[in-house]
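Q: Just a sequence and a predicted model for now, questions to come.
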Amino acid sequence: MAKRINPRRIKIHRPYEIADAARRLGVHKNTIRNWARTGELPIFTDRRPHIVRGADLRAYLEKRQAHAKTKCPPNHFYCFRCRAPRTPEGMIANFTPRAHGAGNLGARCACCGAIMHQRCNEQRHPERFPNVKITAGNAAKSSIDHKD
């Protein structure tokens, strides 16, 4: 499983040696060299030690993380087992209210049967899930949690 790297650990106004940046991010120094080898991360190689600008490194990491995000279309939840946006089984979801009008939507994946969760505002879930029948409370939860 890939390790999640926090771009905020890099200060944008500071230059880093490759080894220092690797230590700060918790990766191997060859990882940063491989990022530079692709041409998207500029490093200064005219002298030793090789230097990478903090602003360049942080921008590169944020770009990588933004590229990895997946947008879900309407009527879809993100299924972690399928690793893709999926519609709920039978187009049914359960809304469990929490504080201040927000709550949790739960549904079963139509492809693999895994339980999917989505945090949603009670007033906004009709526009986010227009074709999904949403039941409220814990009574309908048993139909989602236990497959017949």
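A: Nice, I can see it.

Q: Determine the three-state secondary structure at the residue lying farthest from the centre of the chain.
A: Distance from the C-alpha centroid of the chain, by Cα atoms, centre = their mean, peaks at Arg47 (37.8 Å). For Arg47, the secondary structure call by DSSP: H, G, I helix; E, B strand; the rest coil comes out as coil.

Q: contacting residues around Ile10?
A: Counting by Cβ atoms under 8 Å, 6 or more residues apart in numbering, Ile10 touches 16, 21, 24-25, 54, 57-58, 61. Glycine gets a C-beta too; all of them are placed from N, C-alpha and C.

Q: From Glu17, how far off is the residue farthest from the centre of the chain?
A: Distance of Arg47 to Glu17, computed by Cβ to Cβ, to the nearest Å: 11 Å.

Q: same deal with Ala36?
A: Distance from Ala36 to Glu17, by Cβ to Cβ: 13 Å.

Q: okay, these two: which has more neighbours?
A: The neighbour count for Ala36 versus Glu17, taken as other Cβ atoms under 10 Å, is higher for Ala36 (19 against 15).

Q: Then that one would be within a helix, right?
A: Yes: counting by three-state DSSP, Ala36 falls inside a helix.

Q: mind listing what the nearest residue to it once chain neighbours are set aside touches?
A: For Ala36, ignoring the flanking residues on the chain, the nearest one in space by Cβ to Cβ, 6 or more residues apart in numbering is Ile43 at 4.6 Å. Neighbouring residues of Ile43 by Cβ under 8 Å, 6+ apart: 18, 36, 50-52.

Q: what about Pro88, neighbour count?
A: Using other Cβ under 10 Å, Pro88 has 27 neighbouring residues.

Q: Identify each buried residue in the longest helix belonging to the chain, please.
A: When the chain is parsed with DSSP state H, its longest helix is helix 54-68. Of all the residues in helix 54-68, those buried under the rule 16 or more other Cβ atoms under 10 Å are 54, 56-61.

Q: Next, format those residues as a markdown table and append distance to Arg98 and pLDDT.
A: Below are these laid out as a markdown table (distance: Cβ to Cβ, whole Å; pLDDT from 0 to 100):
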| residue | distance to Arg98 | pLDDT |
| --- | --- | --- |
| Gly54 | 39 | 96 |
| Asp56 | 41 | 96 |
| Leu57 | 38 | 96 |
| Arg58 | 34 | 96 |
| Ala59 | 36 | 95 |
| Tyr60 | 37 | 94 |
| Leu61 | 32 | 93 |
